[in-house]
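In: quick check, what structure comes out for this input:
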Amino acid sequence: MTVTTDPAPPPPPPPSAGAAGDGTLAAFGYRQELRRQMGRYASFAAGFSFISVLTTVFQFFAFGYSFGGPLFLWTWPAVLAGQLLVAACFAELAARYPISGAVYQWSTRLSGPAFGWFTGWIMVIGQVVVVAAAALALQVVLPAIWSGFQLAGGDPAPTTATGAANAALLALVLLVLTTVVNVVDNRVMSAVNRVGVTAEIIGAVLIVVLLFTHAERGAGVTLRTGGQGGPVAALLVGSFTAAYVLIGFDSAGEMSEETRNPRRTAPRTILGALAAAGVLGGLLLLGGVLAAPSLEDGRLATEGLGYVLTSSLGSGVGRALLADVAVAICVATLAIQTAGTRMLFSMARDGMLPLSARLAKVSPRTGMPFAPALVVGVLAAVLALLNLASPEAFLAIGTTCIAMLYLAYAGVTAPMLVRRLRGQWPAPEAGGRDELGRPLFSLGRWGLPVNALAVGYGLLMTVNLSWPRAGVYDPAGGHWYFQWFTVLFVGATVAAGVLCRRRAPAAAAAGEPGRTDAAEAAPV
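Out: Sure, this is the predicted structure:
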């Protein structure tokens with residue numbers, strides 16, 4: 001099916017504080033259905049818990065080290081710099097479009113309904129994959145805390161058949177719990193998020209301090225290569241660790257309809273969550289390499305930071321810290337599922353999905369969209385069960401979710417750049433004001449170069465993540481579908497999107513809830 005759209009008109013300035021300064025959605029053509037109960041820290045927690053530096057660093061440290069050796073640490077500041085460029089663009093948009101389903105809403109208003117729809121579709125499917133990947137991370141820490149968590153028996157390493165099977169079992173249990181929390185009440189979900197993020201930050205700081213005080217070597221070791229490749233592999237494949245960790249900062253924007261003073265709060269928490277995770281994550285990686293008992297015995301490349309904690313800090317302290325990591329994994333899975341739920345709800349509210357009426361329904365008792373949470377949870381569980389087929393599924397799922405989100409991010413930053421190049425992006429003085437009457441967050445004269453670099457970085461990383469390297473995705477050989485998993489999954493996502501989009505207009509015409517024209521309701 002070929003979709004054609006007329007060029008989007010130049011956008012006028014966003015509504016000023018007088019039009020939507022109280023945080024309502026009337027100026028965008030929506031009714032306030034979700035409960036606006038989140039403050040600034042809860043908004044920060046939404047972004048930080050999606051990133052979940054403890055979850056993702058522990059999950060992917062061994063992979064990065066196995067390919068690049070200590071040198072892979074230098075990919076961290078490079079990826080962080082690139083993601084900060086993207087986050088800066090998102091911060092501008094969060095101030096102008098404080099709406100759930102942020103990436104979908106932003107892309108639609110910057111480009112057009114068709115392009116925005118596919119950006120949102122890729123994003124929501126990517127979020128489902130991230131939920132599955134996060135839930136599978138429990139296998140990295142729980143069996144190391146207590147052998148009884150190895151329900152399937154055998155070797156607990158995620159790269160073994162028994163470890164992969166057990167990861168799927170633990171993931172299913174966690175997904176049931178997070179789905180329940182996601183339908184109970186906004187206040188419960190927000191409270192769990194805040195408590196979990198606080199525990200994660202305290203735990204991460206404590207781990208960093210302990211690792212540095214137990215260092216076995218100096219920082220000069222980070223200039224050494226090693227693992228399965230040389231410097232090129234360290235920079236390209238090793239960057240997967242940083243790329244996987246430093247995503248999801250847009251979740252503060254996803255929760256805008258539930259945040260007080262979103263025009264002022266969301267831009268700052270998007271940048272704050274990424275910066276905080278970037279600093280803590282980089283210190284964790286460095287501390288792990290410096291404190292590891294050995295860099296050559298192979299355990300750092302297979303067991304990662306869990307091995308460093310239990311070996312260098314003692315089993316008691318190490319297990320206690322791993323318990324904090326397990327809490328972080330649970331909260332991260334919850335936060336990612338929440339973000340996916342809001343994206344699905346936002347698209348359904350516009351009548352853009354089959355069964356939109358059900359997916360867009362918000363419970364008057366809890367203020368939560370029940371059906372989207374259930375759909376995201378079930379689909380993530382199905383993906384997690386792929387781990388039963390082969391240990392390679394763990395890596396395939398992890399890298400696929402990163403590529404999907406990077407592609408969706410480019411679906412926002414690219415049309416934003418086109419707007420700037422056409423002179424259609426508002427100047428700071430024409431950009432409206434936030435809830436407190438202050439000018440909206442703006443990059444000013446730095447907007448064009450920051451936006452251009454964000455687009456270039458995002459596209460290069462998407463290609464890097466998707467490239468079908470046999471040595472990365474199918475090291476044992478004989479599983480061509482894992483080698484090409486990311487490419488095949490993206491292709492299948494687009495094909496499924498075409499089918500869904502064909503049904504969506506019929507669903508909207510049948511009387512399902514829609515919106516005021518997304519391309520014209522309160523544009524930039």
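In: what about residue 255, distance to residue 69?
Out: Residue 255 is 39 Å from residue 69, where distance means Cβ to Cβ, to the nearest Å. Where you see a C-beta, it was placed from the backbone N, CA and C, and this is true even at glycine.
In: and residue 247, by the same measure?
Out: Taken as Cβ to Cβ, the span from residue 247 to residue 69 is 24 Å.
In: same question for residue 148.
Out: For residue 148, the distance to residue 69 - Cβ to Cβ - is 34 Å.
In: the more surrounded of the two?
Out: residue 69 (28 against 8; other Cβ atoms under 10 Å).
In: for that one, which non-adjacent residue is closest in space?
Out: Excluding its sequence neighbours, the residue lying closest to residue 69 (Cβ to Cβ, 6 or more residues apart in numbering) is residue 226, at 2.4 Å.
In: which stretches in the stretch 51-200 of the chain count as helices?
Out: 53-68, 75-96, 102-110, 113-136, 138-145, 161-184, 186-213 (DSSP state H, counting those that start in this stretch).
In: what's the answer for the stretch 401-524 of the chain, then?
Out: Going by DSSP H, counting those that start in this stretch, the stretch 401-524 of the chain shows helices at 447-466, 470-473, 480-483, 485-509.
In: what sits up against stretch 47-56?
Out: Stretch 47-56 is contacted from outside by 134, 137, 193, 196-197, 200-201, 203-204, 207, 244-252, 269-270, 272-274, 276-277, 280-281, 284, 324-325, 328-329, 331-332, 334-336, 339, using Cβ atoms under 8 Å, 6 or more residues apart in numbering.
In: off-centre distance for that stretch?
Out: 8 Å (Cα atoms, centre = their mean, to the nearest Å).
In: what mean pLDDT does the biggest helix by length in the chain get?
Out: Determined from DSSP state H, the single longest helix within the chain is helix 315-349. Summarised as a single mean, pLDDT over helix 315-349 is 92.
In: flag every buried residue along it.
Out: Neighbour-count burial for helix 315-349, counted by 16 or more other Cβ atoms under 10 Å, picks out 318-319, 321-349.
In: thought residue 282 was touching residue 78?
Out: No. At 11.0 Å, residue 282 does not count as touching residue 78 under the criterion of Cβ atoms under 8 Å.
In: mind checking how far residue 129 is from residue 173?
Out: Taken as Cβ to Cβ, the span from residue 129 to residue 173 is 19 Å.
In: alpha carbons only: can I get stretch 464-472 in PDB?
Out: Provided in PDB are the C-alpha atoms of stretch 464-472 (Å, rounded to 0.1, in the frame of the first residue of the first chain):
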ATOM      1  CA  ASN A 464      25.300  -0.300  13.500                       C
ATOM      2  CA  LEU A 465      22.800  -2.100  15.800                       C
ATOM      3  CA  SER A 466      21.000  -3.700  12.900                       C
ATOM      4  CA  TRP A 467      24.000  -4.900  10.900                       C
ATOM      5  CA  PRO A 468      23.700  -8.800  10.700                       C
ATOM      6  CA  ARG A 469      27.100  -9.800  12.200                       C
ATOM      7  CA  ALA A 470      27.300 -13.600  12.500                       C
ATOM      8  CA  GLY A 471      29.900 -13.300  15.200                       C
ATOM      9  CA  VAL A 472      27.600 -11.200  17.300                       C
END
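In: list the contacts of the closest residue to residue 202 other than its chain neighbours.
Out: With sequence-adjacent residues excluded and distances taken as Cβ to Cβ, 6+ apart, residue 202 is closest to residue 324, at 7.8 Å. By Cβ under 8 Å, 6+ apart, the contact list for residue 324 reads 54, 199-200, 202-203.
In: what's the pLDDT at residue 205?
Out: 95.
In: also residue 396?
Out: Per-residue confidence (pLDDT) for residue 396: 79.
In: wait, what's in contact with it?
Out: Residue 396 neighbours (Cβ under 8 Å, 6+ apart): 386, 473, 482, 485-486.
In: residue 141 too?
Out: Counting by Cβ under 8 Å, 6+ apart, residue 141 touches 58, 306, 322-323, 325-326, 329.
In: next one: residue 270
Out: 47, 87, 90-91, 94, 249-250, 252-253.
In: show the buried residues in the residues you listed.
Out: Judged by 16+ other Cβ under 10 Å, buried ones among the contacts of residue 270: 47, 87, 90-91, 94, 249-250, 252-253.
In: against residue 383, how distant is residue 238?
Out: 25 Å.
In: what about the two, which has more around it?
Out: Per other Cβ under 10 Å, whichever of residue 238 and residue 383 has more neighbours is residue 238, with 30 against 23.
In: point out where the protein drops to low pLDDT.
Out: Within the chain, the segments meeting pLDDT under 70 span 1-24, 227-230, 233, 427-431, 435-436, 504-524.
In: thinking again about what came up before, which one's more surrounded, residue 282 and residue 78?
Out: residue 282 (19 against 14).
In: the more buried one - nearest residue in space that isn't next to it in sequence?
Out: residue 76 (4.9 Å).
In: how far away is the one you found from residue 375?
Out: Using Cβ to Cβ, residue 76 is found at 34 Å from residue 375.
In: the two: which has the busier surroundings?
Out: Ranked by neighbour count (other Cβ under 10 Å), residue 76 and residue 375 place residue 76 first, with 25 against 22.
In: that one: what's it in contact with?
Out: Residue 76 touches 241-242, 278, 281-282, 285, counting by Cβ under 8 Å, 6+ apart.
In: switch the cut-off to 10 Å
Out: Residues near residue 76 by Cβ atoms under 10 Å, 6 or more residues apart in numbering: 57, 64, 238-239, 241-243, 245-246, 278, 281-286.
In: can you list the buried residues in the host helix or strand of residue 282?
Out: Taking DSSP states H and E as the criterion, residue 282 maps to helix 262-291. Buried residues in helix 262-291, defined by neighbour count with 16+ other Cβ under 10 Å: 262-274, 276-278, 280-291.
In: count of neighbours near residue 114?
Out: What residue 114 shows, counting by other Cβ under 10 Å, is a neighbour count of 13.
In: wouldn't residue 114 be in contact with residue 415 here?
Out: No. The pair residue 114 and residue 415 does not pass the contact test of Cβ atoms under 10 Å, sitting 11.7 Å apart.
In: so what sits against both of the two?
Out: residue 108.
In: please compute how far the longest helix of the chain lies from its chain's middle.
Out: On Cα atoms, centre = their mean, the centre of helix 315-349 falls 11 Å from the chain's centre.
In: excluding chain neighbours, what is closest to residue 326?
Out: Nearest one to residue 326, counting by Cβ to Cβ, 6+ apart, is residue 141 at 5.0 Å.
In: how far away is that neighbour from residue 338?
Out: Distance of residue 141 to residue 338, computed by Cβ to Cβ: 22 Å.
In: hmm, residue 383 is touching residue 404, no?
Out: No. Residue 383 lies out of contact with residue 404 (Cβ under 10 Å); the separation is 11.8 Å.
In: intersection of neighbour lists for the two?
Out: In contact with both residue 383 and residue 404: 128-130, 489, using Cβ under 10 Å, 6+ apart.
In: compare these and tell me which has the most neighbours.
Out: Ranking the shared contacts of residue 383 and residue 404 using other Cβ under 10 Å puts residue 130 first, with 30 neighbours.
In: distance of that residue relative to residue 294?
Out: Taking Cβ to Cβ, one finds residue 130 at 33 Å from residue 294.
In: what of residue 483?
Out: 31 Å.
In: so for the two, which sits in the more crowded spot?
Out: residue 483 (21 against 11).
In: which residues does the residue nearest to the more buried one when sequence neighbours are not counted contact?
Out: Nearest non-adjacent residue to residue 483, counting by Cβ to Cβ, 6+ apart: residue 474, 4.1 Å away. Residue 474 makes contact with 390, 392, 395-396, 468, 480-485, according to Cβ under 10 Å, 6+ apart.
In: nothing else from me, thank you.
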